[in-house]
Structures are given as structure tokens and as C-alpha cells.
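Engineer: any chance you can model this:
(one chain, ligands or ions: 1)
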Amino acid sequence: MTECIETGWISSEGPFINRFENEFAVKVGRKYAIAVANGSLALDAAMMALDLEPGSEVIMPSFTIISCAAAIVRAGCVPVVVDADPLTWNMDANQIESRITPRTKAIMVVHIYGLPCDMDAVMAIAHKHGLRVIEDAAEAHGQVCAGQACGSFGDLSIFSFYPNKHVTTGEGGMILTDSVVLADKCRGLRNLCFMPERRFVHEALGWNMRMTNMQAALGVAQLERLDEFVQRKRNMGRLYTELLADVPGIQLPLAATGYAQNIYWVYGMVLDESLNFDAKEAMRRLSEAGVGTRPFFWPMHEQPVLRRMGWFAQTHCPVAERIARRGFYIPSGLALKEEQIRTVAKVVREVIR
Ligand SMILES: *Cc1c(COP(=O)(O)O)cnc(C)c1O
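Structural biologist: This is a model prediction of the structure:
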């Protein structure tokens, strides 16, 4: 970052952009990487690059961040949601096929909280029905699914570099693809669709989604430490599980599935229905005891803004609805010390009891 300032290369024109893109592409085993200003815009660009016919349906999890639905809607498409698996909290791949109609054109898959979605199942369905796939790996830096890097599945993948992600650039995002056509489209969309032949003449409307050289410099340094960060998050997750495993009435994150080991992007928990208080109350009590928490995602089919657009009136996703109300996550930032983890676990134990 000092180098950026001393050389004067502070904008998106500087050399760290290419370096960060190339190193990130190598890390996840993709041909092309396009650095952008944040992960939400990466989703917007990915959806726009697919150029789906207006009104096309895109299947996505209900239990995720609004950025996923927003990108689908802004691209003129219709979000169709699938409920979460009660154990992994990921989109339940077994329910995808029942949502496919003749208008379905793509699946947007999201790895939730550090445990990947079952990509073998998702990719098989996509191939069978000729659907495009966008992979949101914003919570899965350094994660692998059945031996293959998260961020390498489907037509386009995206990452976020927000400070709570495993690699951060303050704000930032990345789009990855193996298609030169999609990569070129994303680069155009990132930079106002300027045309190389005649600047200030435009065939399409883009955005300014550019990342700065200073952010990319930070990204390059962060990427060097990704494996270490993931190892530390795994250790934190394991320690929490060890300390909380015998607390009755709470469901903890799965340590592993048949295809992946959890990297615990966040350490979530879901209160059993047998407890007579919900996540909001548990979070209030934890806050009183000095422990910060965050609520789980709120389901897309319960979002007022999407309901007002006329969608989801008949949609029910009982798992997403339950975990949204009974789930929250506890501190797991990389700055946390073992002693603090032990204190948090002790407070959680007392509050739940
Ligand atoms: C963080 C996140 C995003 C959005 O990234 P920003 O950089 O914050 O815009 C998108 N999808 C998922 C699953 C995320 O966790």
C-alpha cells in the first residue's frame, strides 16, 4: 500500500489489480478473475453477463443475503427460492428439481457460513436441465468441495472481500470464470462498458465497479495468508464445538459433510424449539453479558421488498423460516484469542441454561 502511494498508482489502473486477479485465479483454479468494488456488485455483473431473457427464472436459496436476489431482480429475472437443509443450512439440493419450470434458466448457489453446498448434486441437475450456474463463494475463501476449490464451479463464481470475510480488502469483490466471453463482458460491465475502439461511445450500460490499486495491494498480502487464516478459523470452530457440544437445546454447525470440512466463516447456532425463547432474546441476554452476536439471514421469501414485487405469496420454506428466527452467530473474528473464545462459550452456556 505504501508502494501505491509512493508511486502515485492509487486508482484501478495500478499494477496490483492484475497481480491480485492472477494470483486469485490460480488459487481457485480458474482462467479469469475480475476484481470489483464489492461482492454484491460481483453478483450483479455475473447475472448481467449471463444475458438471460427478461422474465427468466433463477433458482436460489431462500436463506442467503439480499445481494443474491437483488442481482437476479436487477437483471430482469425472477428469483425462485429453495428451502435450506436443516443440518447444513445450505440450499437443499434435493428440492431444486421440483422448482424447475420451462422458464428456469440458471441456478445461483451460495455456500453458507463456511460449509459448501453439495456441488456434485447441483452441477448434475444443472447439466441435466441445461441451466447456467453462478456460484456465490463469498463465505468460502480457501474452502474445497469434494476436492475441488469453491469458486471454481459453474459458469461464474464470485467472492467478497468485506472485512468479515477470510480475505479482505476493506471493500472488494472478485468474479471468476473460465469463459473468455463472460470474462470480457464482466470487464466491460465493471468499467462503464467503455469500448476499446472509441472511448465515450457505448453499446451497453455498465457501472463503475472498479477496485483500487491500494485495495488490490492489500488483497495480494491477504491472499498470501489465506491458508493460515482458514486454519485458524477451523481451530476456532473446533474449540467452540468442543466447549459447547454438551449444552442442551442448541444445534451447532456441522463439522463436516460427506464432501467438505467446515471452515466456520461464522460460528452459528440454532435454538431448539423446546427452548421458550428465540434468537432475539438469546442475543439480548448475551449482549447484556458483554458478548456481541449477529442474527442469521432473513429468508428471501419473507423480504417485504420482494413480496411487494408480487413474488412468494404462496412460498413456504419452513427450515429457513425457523433458523432465521432461532439462529444467530457468536464472535469468531481472526483477532479473537483462545481465552476470549472460552469466555464466550462459558457465557453462551450460562445464557442458554
Ligand atoms: C458478504 C456476502 C456478499 C456480499 O458481499 P459484499 O462485498 O458485502 O457486497 C454476497 N454473498 C454472500 C453469501 C455474502 O456473505
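Engineer: I'd guess residue 60 is in a strand, am I close?
Structural biologist: Yes. Assigned with DSSP: H, G, I helix; E, B strand; the rest coil, residue 60 falls within a strand.
Engineer: give me the nearest residue to it, chain neighbours excluded.
Structural biologist: Leaving aside its sequence neighbours, residue 60 sits nearest to residue 108 (CB to CB, 6 or more residues apart in numbering; 4.3 Å). (Each C-beta comes from the backbone N, C-alpha and C, glycine too.)
Engineer: please see if the longest strand along the chain touches the ligand.
Structural biologist: Longest strand in the chain, counting residues (DSSP state E): strand 104-110. Yes. Judged by CB under 6 Å from any ligand atom, strand 104-110 and the ligand are in contact via residue 110.
Engineer: residues of the chain that sit close to the ligand?
Structural biologist: So the chain meets the ligand at 38-40, 64-65, 67, 110, 136, 138-139, 160, 162, 173 (CB under 6 Å from any ligand atom).
Engineer: identify the residues contacting the residue in the chain that the ligand sits nearest to.
Structural biologist: When scored by CB to the nearest ligand atom, the chain has residue 39 as its residue closest to the ligand, at 2.5 Å. By CB atoms under 8 Å, 6 or more residues apart in numbering, the contact set of residue 39 is 67, 136, 138, 158-162, 165, 172-173.
Engineer: nearest residue to it in space, please, no chain neighbours.
Structural biologist: Residue 39 sits nearest to residue 160 (CB to CB, 6+ apart), 2.6 Å away.
Engineer: and the protein, what are its domains?
Structural biologist: The chain breaks down into these domains under automatic domain parsing: 2-223, 226-352.
Engineer: let me see the mean pLDDT of the shortest one.
Structural biologist: What that stands for is domain 226-352. Across domain 226-352, pLDDT averages out at 97.
Engineer: related to what we said a few turns ago, okay, the domains of the chain, which one's buried deepest?
Structural biologist: Counting by mean count of other CB atoms under 10 Å, domain 2-223 has the highest mean neighbour count of these, with a mean of 20.
Engineer: picking up where we left off before, can you redo the residues of the chain next to the ligand as CSV with pLDDT and secondary structure?
Structural biologist: Formatted as CSV, the residues of the chain next to the ligand follow (pLDDT from 0 to 100; DSSP: H, G, I helix; E, B strand; the rest coil):
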residue, pLDDT, secondary structure
38, 98, coil
39, 98, helix
40, 98, helix
64, 98, coil
65, 98, coil
67, 98, helix
110, 98, strand
136, 98, strand
138, 98, coil
139, 98, coil
160, 98, strand
162, 97, coil
173, 98, strand
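Engineer: out of those, which comes closest to residue 50?
Structural biologist: Using CB to CB, residue 136 comes nearest to residue 50 of these, at 13.8 Å.
Engineer: show me where this protein has strands.
Structural biologist: Counting by DSSP E, the strands of the chain are 32-36, 57-61, 78-82, 104-110, 132-136, 144-145, 148-149, 156-160, 173-177, 250-251, 267-271, 294-295, 327-330.
Engineer: residue 47 is nearest to which of those?
Structural biologist: By CB to CB (comparing all of the strands of the chain), the closest turns out to be strand 132-136, at 6.8 Å.
Engineer: the closest one vs strand 104-110, what angle?
Structural biologist: Counting by axes from the mean of the first three to the mean of the last three CA atoms, to 10 degrees, strand 132-136 lies at 20 degrees to strand 104-110.
Engineer: what residues does strand 132-136 touch?
Structural biologist: 39, 43, 46-47, 50, 52, 64, 68, 105-111, 119, 122-123, 126, 150-151, 153-158.
Engineer: go with 6 Å
Structural biologist: Residues from elsewhere that reach strand 132-136 (CB atoms under 6 Å, 6 or more residues apart in numbering): 46, 50, 106-110, 126, 153-158.
Engineer: in TSV: these, plus distance to residue 237.
Structural biologist: TSV is the format used below for those (distance: CB to CB, whole Å):
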residue	distance to residue 237
46	29
50	34
106	32
107	28
108	26
109	22
110	19
126	30
153	23
154	26
155	31
156	29
157	23
158	24
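Engineer: quick one: which of those is nearest residue 16?
Structural biologist: For the contacts of strand 132-136, the nearest to residue 16 is residue 158 (19.9 Å; CB to CB).
Engineer: mind listing what the closest one touches?
Structural biologist: Per CB under 6 Å, 6+ apart, neighbours of residue 158: 39, 42-43, 46, 136, 175.
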